[in-house]
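>>> A predicted structure for the sequence below; I have some questions about it.
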Amino acid sequence: KVKYVTCEQFANDYIDSLQSESKNKSMLEFRTKYRNLDVLMVDDIQGISKKPSTQEEFFNTFNELYQGSKQIILTSDRPPKEIETLTERLRSRFASGLIQDIQQPEIETRIVIIKKKAQLLDMEMPDDVAEYIAEKLKNNVRQLEGVVKKIYAIYSIEKKKPTIALANDVIKDVIYYAQPTEVTIK
């Protein structure tokens with residue numbers, strides 16, 4: 001049994017179980033849902049850092065799964081040691097596993113991502129257009145996906161094939177927002 005949730009979904013499920021009219025039954029259902037798994041994947045686990053009671057419940061869930069030799073996969077925007085308001089016992093448990101820092105993808109990987117996203121939309125993406133997009137957008141895979149989807153929308157509605165000019169028009173706003181604002185004295 002495999003379950004993927006965002007940290008927010010885990011926290012909301014926990015809060016819902018606490019606020020239920022039949023609290024005991026609801027907590028039992030919550031614990032059964034999260035503790036009778038082979039693999040639990042939680043995205044953006046740093047989201048529980050300022051929620052002490054949710055941290056307590058996740059700690060107990062983590063322990064139950066860990067002691068049962070189950071797999072726990074967590075993602076975060078920073079390493080456990082940098083999540084300041086995370087309890088020390090959770091931080092140490094998170095750090096006891098394999099930690100992998102995932103850096104921004106290289107240009108070749110970005111090109112492959114662009115081409116694959118276009119293929120999934122059943123749209124032919126010329127190599128030069130994929131390369132152009134990959135050169136302009138370096139930091140965020142979601143931005144790449146958003147540009148491909150916008151090009152696809154134009155392709156579907158206006159029947160314009162992907163070109164560098166079209167890609168340039170589509171990513172102007174993305175590049176503008178991706179650039180840090182220059183701070184001046186004024």
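Yep, it's here. Every value quoted in this text rests on a predicted model; they were computed, and no experiment measured them. Numbering: from 1, shown residues only.

>>> Can you tell me how far the closest residue to Glu64 other than its chain neighbours is from Phe62?
Sequence neighbours aside, Arg35 is the residue nearest to Glu64 in space, at 4.6 Å (criterion: Cβ to Cβ, 6 or more residues apart in numbering). (Each C-beta comes from the backbone N, C-alpha and C, glycine too.) Look at Arg35 and Phe62: by Cβ to Cβ, to the nearest Å, they are 10 Å apart.

>>> out of the two, which sits in the busier spot?
Phe62 (22 against 16; other Cβ atoms under 10 Å).

>>> Check which element follows the helix or strand containing that one along the chain.
According to DSSP states H and E, Phe62 maps onto helix 52-67. Later in the chain than helix 52-67, the nearest helix or strand by DSSP H and E is strand 71-74.

>>> Give the next helix or strand downstream of that following strand.
Note on strand 71-74: by DSSP H and E, the next helix or strand toward the C-terminus is helix 88-95.

>>> Any idea how far the lowest-mean-pLDDT helix or strand in the chain is from the middle of the chain?
None of the helices or strands of the chain scores lower by mean pLDDT, DSSP states H and E than helix 164-178, at a mean of 80. Distance of helix 164-178 from its chain centroid, counting by Cα atoms, centre = their mean, to the nearest Å, is 23 Å.

>>> returning to that earlier point: tell me which other helices or strands the helix holding Phe62 touches.
Counting by 3 or more Cβ pairs under 8 Å, 6 or more residues apart in numbering; DSSP states H and E, the packing neighbours recorded for helix 52-67 are helix 7-19, helix 23-35, strand 39-43, strand 71-74, helix 88-95.

>>> Which stretch among the ones you listed approaches Ala134 most closely?
Smallest distance to Ala134 across those (Cβ to Cβ): 25.0 Å, for strand 39-43.

>>> Show me what the closest one is packed up against.
Secondary-structure packing of strand 39-43 (3+ Cβ pairs under 8 Å, 6+ apart): strand 2-6, helix 7-19, helix 52-67, strand 71-74.

>>> I'd assumed Leu65 was in contact with Arg31.
No. Applying Cβ atoms under 8 Å, one finds Arg31 not in contact with Leu65, separated by 11.2 Å.

>>> Contact partners for the residue nearest to Arg93 when sequence neighbours are not counted?
In space, and not counting its chain neighbours, Arg93 is closest to Phe62: 5.9 Å by Cβ to Cβ, 6+ apart. By Cβ atoms under 8 Å, 6 or more residues apart in numbering, Phe62 lies in contact with 72, 90, 93.

>>> Next one: Phe62, what pLDDT does it get?
At Phe62, the pLDDT value in this model is 95.

>>> any idea how far Leu137 is from it?
Applying Cβ to Cβ to Phe62 and Leu137 gives a distance of 36 Å.
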